[in-house]
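Asks: curious how this folds, go ahead:
(one chain, ligands or ions: 1)
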Amino acid sequence: MGEVAQFLDQPKIQKFMRALARPKYQKWSITRIAERSGLSAMDLLSLWRQANLSKTVMTFIEGGPKVAEETVADAMSTLICCPRCDGFGDIKQPAELNDKGEAVSETLRKTCPTCNGTGSVRKAGDPESRKVVFKAIGILDSKAAVNINNTVNNFPGVASVLDEIESMRKERKTALTLDAKPVP
Ligand SMILES: [Zn+2]
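Replies: Predicted coordinates for the structure are as follows:
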């Protein structure tokens with residue numbers, strides 16, 4: 001990432017990085033090395049934050065396709081074992097009893113009315129995942145319905161993700177600006 005490179009280009013940070021690698025400073029604390037390189041604790045925090053933020057963003061981006069795949073899988077309906085017949089496909093029809101409680105007919109088995117004898121029923125996919133999928137493809141949001149014929153950039157799913165990335169980028173820029181100022 002260009003901004004990281006720019007960040008690491010700052011002389012104080014370069015000095016700090018070099019000092020970290022030198023055996024001479026091995027017993028020094030990181031904050032002490034930072035101080036000697038002209039970096040304040042705040043600068044150090046920014047550096048740490050910057051590195052982690054970049055790493056975090058990359059993790060999100062790299063993990064995106066896998067999460068999308070899993071979200072789609074979660075959103076899909078699945079077949080589960082019929083809760084009424086436990087998957088056997090038929091249920092017991094109790095024998096008819098007379099006044100004395102004696103069976104006057106045989107116990108019969110009849111086709112399970114819940115699953116029609118198949119032993120399995122459909123279970124709807126996770127509603128939250130469904131919402132996410134529909135939002136991403138632009139069906140759920142009313143604005144998307146209006147924009148459905150426009151370019152893909154108008155889909156709120158894409159736009160909100162881009163907005164988030166942009167705000168993260170801005171945050172990083174602020175961190176850089178703070179760093180460029182001399183610490184009072
Ligand atoms: Zn059943």
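
Asks: enumerate the residues of this protein near the ion.
Replies: 82, 84-85, 112, 114-115 (CB under 5 Å from the ion). Where you see a C-beta, it was placed from the backbone N, CA and C, and this is true even at glycine.

Asks: buried ones among those?
Replies: 82, 85, 112, 115 (16 or more other CB atoms under 10 Å).

Asks: is it true that the last one touches V121?
Replies: Yes. Counting by CB atoms under 8 Å, a contact exists between C115 and V121, whose distance comes to 5.2 Å.

Asks: any idea which helix or strand in this structure has the lowest mean pLDDT?
Replies: helix 142-147 (a mean of 48; mean pLDDT, DSSP states H and E).

Asks: helix or strand next in line after the longest helix along the chain, which one?
Replies: Criterion DSSP state H: the longest helix present in the chain is helix 41-75. Sequence order places strand 78-81 as the next helix or strand after helix 41-75, per DSSP states H and E.

Asks: the following helix or strand past that following strand - contacts with which helices or strands?
Replies: Next along the chain after strand 78-81, taking DSSP H and E as the criterion, comes strand 90-93. With contacts taken as 3 or more CB pairs under 8 Å, 6 or more residues apart in numbering; DSSP states H and E, strand 90-93 sits against strand 108-111.

Asks: list the strands paired with the strand it packs on, with their directions.
Replies: Next to strand 108-111 in the sheet, as set by DSSP bridges, lie strand 90-93 (antiparallel).
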